[in-house]
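In: Compute the structure for the input listed below.
(chains A and B)
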Amino acid sequence: MASIDPTELSTLFDAHAGGLALYARQWLEPAAAEDVVQEVFVQLMAQRRPPDKVKAWLFRSVRNAAISELRRRRRRQKHEVRSTAGRAGWFEDRPEALIDGATVEASLASLPDEDREIVMLRIWGQMTLQEIADTVGSSVSTVFHHYRAGLAAIRRKLESSCRAKNG
Amino acid sequence: MQSEERLTPAERELEMALAMLAPVATIDRDRMMFRAGQASMRGRQRLWHGTTAALAVALVASVGIRMIPQPPAGQHFAANPVRSTEPGQLVSDLGTGDKNELEYRAEYLSLRDRVLIGGVDVLPAPSGSASASESPIRIERLVPARPAPKRGFFGIEKWIDLGAQS
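Out: Numbering: from 1, shown residues only, chains lettered A, B, ... in the order given. Reported below is the predicted structural model:
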C-alpha cells in the first residue's frame, strides 16, 4: 500500500530534489549524488506509513545514504584523487544571481565539513535550526555557531575573490 | 526562532543572495517516478501473494477433508429400543412411558456395544418359547429391506412390496 500519493511525491521532488542533490554533493560526485537522491525518493514511496516530517526524513536519508556510499567508495580506492576537471557546477548560471555560483561553490568546498553541511541545509534545504539539529544530531546552539562561522567564511572568500578580480 | 533573529543584517543579506542560487539537478524525474511506483507495487504484491497462498492452503485442506472416506449410508438405528414379540415384525415403540423403558435402554446400549465389537453373530437367537417380558431387544431397520425379486412376464423382475403381501 503506497503511503505517499504520486502527486504528492512529484510535488516533493520538485521542491527538494535540487537541494537534496546539492546536499549529497558534499560527499559524492554529481552522478553518484543524484543516484542517492533518486533512491531516497523511491524508498519514500515504499514506506508503509509516511514519515511525520517528510523534508527532514529526506535530508536525513540522503545524508546517511551519501555517507555510506562514500565509505564504500573509499574502501574500494585507497587514495582518492579529487579532480575538478570536467565536473559539472553545483549551481545554475542565472543572470539575476547577485553572486557568482562558481565562487560560492569553491568557498563551500573549502569550508569544514560541519559548517558546509549546516549552511547547505539552512539555505538550500530551507530547514529550521531545530530541524538541522535533529538531522545532524547536534544542539541548536552548536548548529547556529557553525552556521555563522560558515557564512563568515563564505563572505571572506567572496570578498577576496572580488578584490582579486578588481585588483 | 531566537537564533535566526540574532543574525546581523550583513549575514541576512548574504543569506538571501546565496538563496538566489539554484542548485543544479539533472535527476531523471520520469525514471524516478517509475521506480517509485514499482517500489510501492512490491508491497501490494506481497499482500496478494500471501492471500493467494493462504487461500490455496485452505482449498487443499478442504479437498483433503472431503476425500476422507465416510461411513456407509443407509443404515439407521432407532434412538429408542424397539420391542418386538415376533421376529421379522416391525414394531414401533415411540416411548409409551413404560416403567421398564430405562431397563430396555440399558440393555439396548449393552447389546449395541457387543454387536459393534463382535458383529451380528453375537445377537441372541430368537426363541419361540420366550415370553413377552423376556423378549430380546431387536434392532429393526427403519428402512425396510428389499425383498427378493420375483420373475414376472418375459423374465422381467418384479419387486414385491412388503405392504402388498396378504
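In: Dead centre of chain A: give me the residue that sits there.
Out: Nearest to the mean C-alpha position of chain A, by CA atoms, centre = their mean, lies A:Y23 at 1.0 Å.
In: unless I'm mixing things up, that one is touching A:N64, no?
Out: No - counting by CB atoms under 8 Å, A:Y23 sits too far from A:N64 to count as a contact (11.8 Å). Bear in mind the C-beta positions are built from the backbone N, C-alpha and C, glycine included.
In: which element is residue 68 on?
Out: Just going to use chain A. Using DSSP states H and E, A:S68 falls within helix A:54-76.
In: Pull out the buried positions in the very next helix or strand once past that helix.
Out: Next along the chain after helix A:54-76, taking DSSP H and E as the criterion, comes helix A:101-110. Of the residues in helix A:101-110, A:101, A:103-108 count as buried by neighbour count, 16 or more other CB atoms under 10 Å in any protein chain shown.
In: for the record, mean pLDDT for the longest helix along chain B?
Out: Scanning chain B for the longest helix, with DSSP state H as the assignment, gives helix B:29-66. The average pLDDT for helix B:29-66 rounds to 86.
In: So what's the predicted local confidence for B:G128?
Out: Reported pLDDT for B:G128: 51.
In: now A:V40
Out: For A:V40, the predicted pLDDT is 95.
In: for A:G125, same thing?
Out: pLDDT, A:G125: 94.
In: Now do the helix or strand encompassing A:Q130: everything it contacts.
Out: Element membership for A:Q130, per DSSP H and E: helix A:129-136. Outside helix A:129-136, the residues within contact range by CB atoms under 8 Å, 6 or more residues apart in numbering or on different chains are A:53, A:55-56, A:59-60, A:63, A:114, A:117-118, A:121-122, A:125, A:127, A:139-140, A:142-144, A:147, B:1, B:3-4.
In: Pull out the buried residues from those.
Out: Among the contacts of helix A:129-136, those scoring as buried are A:55-56, A:59-60, A:63, A:114, A:117-118, A:121-122, A:125, A:127, A:140, A:143-144, A:147, B:3 (criterion: 16+ other CB under 10 Å).
In: still on that earlier bit, buried ones in the helix holding A:S68?
Out: Neighbour-count burial for helix A:54-76 flags A:54-63, A:65-66, A:69-70 (criterion: 16+ other CB under 10 Å).
In: helices or strands next to it in the packing?
Out: helix A:6-24, helix A:30-46, helix A:129-136 (3 or more CB pairs under 8 Å, 6 or more residues apart in numbering or on different chains; DSSP states H and E).
In: now the shortest one against helix A:6-24, angle please.
Out: Here helix A:129-136 points in a direction 80 degrees away from that of helix A:6-24 (axes from the mean of the first three to the mean of the last three CA atoms, to 10 degrees).
In: can you state the direction angle for helix A:129-136 and helix A:54-76?
Out: 30 degrees.
In: Buried residues, helix A:129-136. List them.
Out: For helix A:129-136, a neighbour-count test (16+ other CB under 10 Å) marks A:129, A:131-136 as buried.
In: next one: the first one
Out: By 16+ other CB under 10 Å, the buried positions in helix A:6-24 come out as A:9-10, A:12-13, A:16-24.
In: Also near chain B: which of the residues you listed, exactly?
Out: A:9-10, A:13, A:17-19, A:21-22 (CB under 8 Å from any CB of the partner chain).
In: which one of the residues you listed sits closest to B:L123?
Out: Using CB to CB, A:L9 is the member of those that lies nearest B:L123, at 82.7 Å.
In: Double-check the closest one against B:R35; I have them as touching.
Out: No - using CB under 8 Å, A:L9 is not in contact with B:R35; the gap is 11.1 Å.
In: Show the low-confidence segments of the chain, by residue range.
Out: Since you didn't name a chain, this refers to chain A. Along chain A, the parts satisfying pLDDT under 70 run over A:1-3, A:78-88, A:167.
In: wait, chain B
Out: Along chain B, the parts satisfying pLDDT under 70 run over B:1-5, B:43, B:71-99, B:126-166.
In: What are the boundaries of the strands in chain B?
Out: B:82-83, B:137-138, B:150-151, B:157-158 (DSSP state E).
In: need the residues of chain B near chain A, please.
Out: B:1, B:3-4, B:6-7, B:10-11, B:14-15, B:17-29, B:31-33, B:35-37, B:39-40, B:42-44, B:47.
In: Just the buried residues of the residues you listed.
Out: So, of the residues of chain B next to chain A, B:3, B:7, B:11, B:14-15, B:17-18, B:21-25, B:27, B:32-33, B:35-36, B:39-40 end up buried under the neighbour-count rule (16+ other CB under 10 Å).
In: Give me the buried stretch members for whichever helix in chain A runs longest, please.
Out: Determined from DSSP H, the single longest helix within chain A is helix A:140-166. Using 16+ other CB under 10 Å as the test for burial, helix A:140-166 gives A:140, A:143-151, A:153-154, A:157-158, A:161.
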